[in-house]
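Student: sequence first, predicted coordinates after that:
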Amino acid sequence: IYCPLFQKAIIKNDGENWVESSNFTMADGAIFVGLEDDGFWDADSELKLSLFFKGTYDGNTYYFQTAEYSFSLEDGKDLLLGQGTIEDPYLVYTKFQLDKIREHLNSHYKQIRDIDLEGYNSYAATAGQGWEPIGGYVNDELILFTGIYDGCNRTISNLRMVSAAMTTGLFGAVKGYSTTAGIKNLKLTDCYIENSGVEPSSYSDKACQGMLVGYVGGNSEYSGCYASGTVKAEWGFVGGLLGTISPTEGRVPVKDCECDVVLTLESSSEVSVWGMGGLTSNAFNSDIENCHVRGKVTSLFPYDPYYSSSSDMGTGGFTGMSMKANIKNCSAEVEVNSMGMAGGFVGGAMLGNFVNCQSYGNVKSVYNMAGGFCSATEIATFKDCVVKAESVEGYQSTGGFIGMLMGMAQNCSAEITGQVHSEPNYA
């Protein structure tokens with residue numbers, strides 16, 4: 001097995017003995033062909049591997065297995081098997097390798113083992129912070145992950161982050177350029193993200209909080225992902241799975257994803273919530289399909305219903321604000337409470353389509369419009385969508401399905417078992 005760290009190989013010689021060789025080279029297109037489960041584990045002080053590879057030695061091609069080979073954890077964290085390409089991605093099986101992705105942001109990865117981050121402090125993070133996002137805003141510069149991370153339906157558990165960073169999440173920022181970037185088939189469980197600190201003095205797309213990705217850029221896609229946990233913030237775009245979907249070009253597909261989240265924004269400043277939702281704070285130029293959210297979303301901040309300088313873009317069970325988004329076959333089973341605009345599924349919608357989507361959960365806005373599905377919409381279309389809730393409460397225009405409709409609703413229904421109430425205006 002060729003190891004870039006040690007510049008040597010361990011091969012089987014004469015059918016019996018294992019030797020180290022410095023003149024071993026991987027064949028063109030050489031591939032990792034297997035992993036022996038019984039010979040692989042993370043111990044307290046060493047990493048032990050037993051792998052199957054294909055390569056060449058003395059001009060001949062061999063399929064061979066390494067002997068049990070031990071590295072210290074200090075060395076093991078630098079061990080990246082593979083070439084980082086789509087065809088031969090780097091293999092990720094320890095928290096150390098996961099942490100090293102930030103040094104190879106243009107490469108591709110495949111996770112082959114569950115990873116537990118309990119008690120782990122990223123080497124790039126301040127002591128006590130926990131995880132440092134892979135990419136994101138650093139000193140006002142946007143650092144992007146541009147590869148593909150395939151979780152292979154494996155789990156990363158106990159992601160912890162307590163920070164004043166602009167972007168939070170396992171990945172701070174993801175965007176594709178000449179090739180598509182993205183994350184697929186990955187589960188995050190028992191996450192805790194708390195973001196607090198000095199907030200921007202004005203509207204900014206740099207403050208993006210989520211469990212999987214903070215900032216989602218163009219030419220990237222997401223499928224088969226799941227996240228559970230708690231996200232707390234004082235300002236910005238706040239989402240459960242994704243912080244904000246804000247591509248400057250192209251569209252972003254999100255498919256077959258789920259989220260169980262308790263989402264809370266609590267701020268003493270009016271410049272606070274720029275979108276807040278269980279799946280994503282905002283869905284701009286995106287195509288979202290077969291995604292489901294469960295939990296509770298709460299945004300508390302100073303709000304004057306007659307005069308306010310706050311940037312209230314909406315709070316929703318699924319997404320806070322959507323613009324030019326197509327969302328179908330999705331659901332939100334979420335309790336929504338907000339000082340501003342509140343919708344059971346989407347806070348506010350503009351120039352988009354919602355098809356066969358459901359909202360199950362009570363909705364309350366203290367000082368603005370509220371709707372069982374959407375608080376307010378402009379030139380958006382709703383078809384075959386359903387609301388089932390006990391109550392919808394608002395301050396201004398409030399409706400069991402939509403608080404204020406400037407668009408079209410076709411074959412939609414709202415079943416409110418309690419009350420639809422507005423104080424002091426229209427219900």
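Tutor: Nice, I can see it. Numbering: from 1, shown residues only.
Student: burial measure for residue 141, as a count.
Tutor: Using other CB atoms under 10 Å, the number of residues around residue 141 comes to 7. Every C-beta, even on glycine, is put in place using the N, C-alpha and C of the backbone.
Student: how close does it get to residue 135?
Tutor: To residue 135, residue 141 is 11 Å away according to CB to CB, to the nearest Å.
Student: ok, longest strand in the protein?
Tutor: Longest strand in the chain by number of residues, with DSSP state E as the criterion: strand 181-195.
Student: low-confidence stretches in the protein?
Tutor: By pLDDT under 70, the low-scoring segments of the chain are 1-79, 124-128, 197-206, 268-273, 302-312, 424-427.
Student: centre-most residue in it?
Tutor: Central residue of the chain (CA atoms, centre = their mean): residue 212, 2.2 Å from the mean position.
Student: residue 152 contacts residue 110, correct?
Tutor: Yes: here residue 152 reaches residue 110: they are 6.0 Å apart, a contact under CB atoms under 8 Å.
Student: okay, these two: which has more neighbours?
Tutor: residue 110 (20 against 15).
Student: tell me which element that one falls in.
Tutor: strand 109-111 (DSSP states H and E).
Student: partners of that strand in the sheet?
Tutor: Take DSSP bridges as the rule and strand 109-111 pairs in its sheet with strand 90-92 (parallel), strand 148-157 (parallel).
Student: need the contact partners of that strand.
Tutor: Contacts of strand 109-111 from elsewhere in the structure, counted by CB atoms under 8 Å, 6 or more residues apart in numbering, are 82, 84, 89-93, 98, 101, 147-152, 154, 156, 186.
Student: TSV for the strands paired with strand 109-111, including distance to residue 389?
Tutor: Shown next, in TSV, are these (distance: least, CB to CB, whole Å):
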stretch	distance to residue 389
strand 90-92	42
strand 148-157	32
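Student: please identify the most buried of the ones you listed.
Tutor: Highest mean neighbour count of these: strand 90-92, a mean of 23 (counted as mean count of other CB atoms under 10 Å).
Student: off-centre distance for that one?
Tutor: Centroid displacement of strand 90-92 relative to its chain, using CA atoms, centre = their mean, to the nearest Å, is 20 Å.
Student: following that strand, which helix or strand comes up?
Tutor: Counting by DSSP H and E, the next helix or strand C-terminal to strand 90-92 is helix 95-100.
Student: and that following helix, what does it pack onto?
Tutor: With contacts defined as 3 or more CB pairs under 8 Å, 6 or more residues apart in numbering; DSSP states H and E, helix 95-100 has these neighbours: strand 90-92, strand 115-116.
Student: for stretch 178-193, buried residues please.
Tutor: For stretch 178-193, a neighbour-count test (16 or more other CB atoms under 10 Å) marks 181-193 as buried.
Student: I'd like those residues as CSV, with distance to residue 129 appended.
Tutor: CSV is the format used below for the buried residues of stretch 178-193 (distance: CB to CB, whole Å):
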residue, distance to residue 129
181, 25
182, 26
183, 22
184, 27
185, 28
186, 22
187, 23
188, 18
189, 20
190, 18
191, 14
192, 12
193, 11
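Student: closest to residue 329 out of those?
Tutor: Checking the buried residues of stretch 178-193 against residue 329 with CB to CB, the nearest one is residue 184 at 18.4 Å.
Student: thinking that closest one is in contact with residue 225, fair?
Tutor: Yes: between residue 184 and residue 225 a contact is recorded at 6.8 Å, counting by CB under 8 Å.
Student: hey, what's in contact with both of the two?
Tutor: Joint contacts of residue 184 and residue 225 (CB under 8 Å, 6+ apart) are residue 151.
Student: helices of the chain, residue ranges please.
Tutor: Using DSSP state H, the helices of the chain run over 73-76, 95-100.
Student: and residue 379, how many neighbours?
Tutor: 11.
Student: distance from the chain centre to stretch 394-411, please.
Tutor: Counting by CA atoms, centre = their mean, stretch 394-411 comes out at 30 Å from the chain centroid.
Student: now stretch 160-174
Tutor: Distance, stretch centre to chain centre, for stretch 160-174: 10 Å (CA atoms, centre = their mean).
Student: so what's residue 134 up against?
Tutor: 101, 102, 105, 145, 170, 171, 172.
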